[in-house]
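Novice: Please work out how this folds:
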Amino acid sequence: MNKLIESIERGKVRGIEEYKLIDGERYCYQYALKKIANKYVTYLFFIPESKMDVMEDYGSEEIKEFFSITDAINYFTFIGVDFSLFRPIKGVLPF
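Specialist: Model (predicted):
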């Protein structure tokens, strides 16, 4: 986990994508963390998988700022995300 934290401290984006079944519908969730200036910015995006072709109408996005990496990691833990699974993001970055 130290390498993960070190990469974020260097300004790299790290995150994870997962799918959850909610009320019989499959959702895509994306989470990310990046250090910008002296703040740690978290990203959460989710959308029903069946609506991915109209993302702008059905996707929900949340961006939060924290003053410490510990607070950002605790936020992910609070919402049930395993921060230790975060990896480099391939493709379009959320930040």
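Novice: how about the strands of the protein, start to end?
Specialist: Counting by DSSP state E, one finds strands in the chain at the ranges 14-22, 25-36, 39-48, 60-66, 87-88.
Novice: Quick one: the ones you listed as TSV, columns for mean pLDDT and mean neighbour count too.
Specialist: Bear in mind the C-beta positions are built from the backbone N, C-alpha and C, glycine included. Shown next, in TSV, are the strands of the chain (pLDDT from 0 to 100; neighbours: other CB atoms under 10 Å):
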stretch	mean pLDDT	mean neighbour count
strand 14-22	96	14
strand 25-36	97	18
strand 39-48	97	18
strand 60-66	97	12
strand 87-88	96	11
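Novice: could I get these as a markdown table with distance to Phe78?
Specialist: Shown next, in a markdown table, are the strands of the chain (distance: least, CB to CB, whole Å):
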| stretch | distance to Phe78 |
| --- | --- |
| strand 14-22 | 16 |
| strand 25-36 | 12 |
| strand 39-48 | 11 |
| strand 60-66 | 11 |
| strand 87-88 | 21 |
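Novice: Contacts only, for Tyr29.
Specialist: Glu17, Glu18, Tyr19, Lys20, Leu44, Phe45, Phe46 (CB atoms under 8 Å, 6 or more residues apart in numbering).
Novice: Can you report phi and psi for the residue of the chain positioned farthest from its centre?
Specialist: Distance from the C-alpha centroid of the chain, by CA atoms, centre = their mean, peaks at Gly24 (23.1 Å). Note on Gly24: backbone dihedrals following degrees, to the nearest 10 are phi 80, psi 0.
Novice: Tell me the spacing between it and Gly80.
Specialist: Distance of Gly24 to Gly80, computed by CB to CB, to the nearest Å: 19 Å.
Novice: again with Asn74
Specialist: 12 Å.
Novice: Compare those two (neighbour count), which wins?
Specialist: Neighbours were counted for Asn74 and for Gly80 using other CB atoms under 10 Å; Asn74 has more, 13 against 8.
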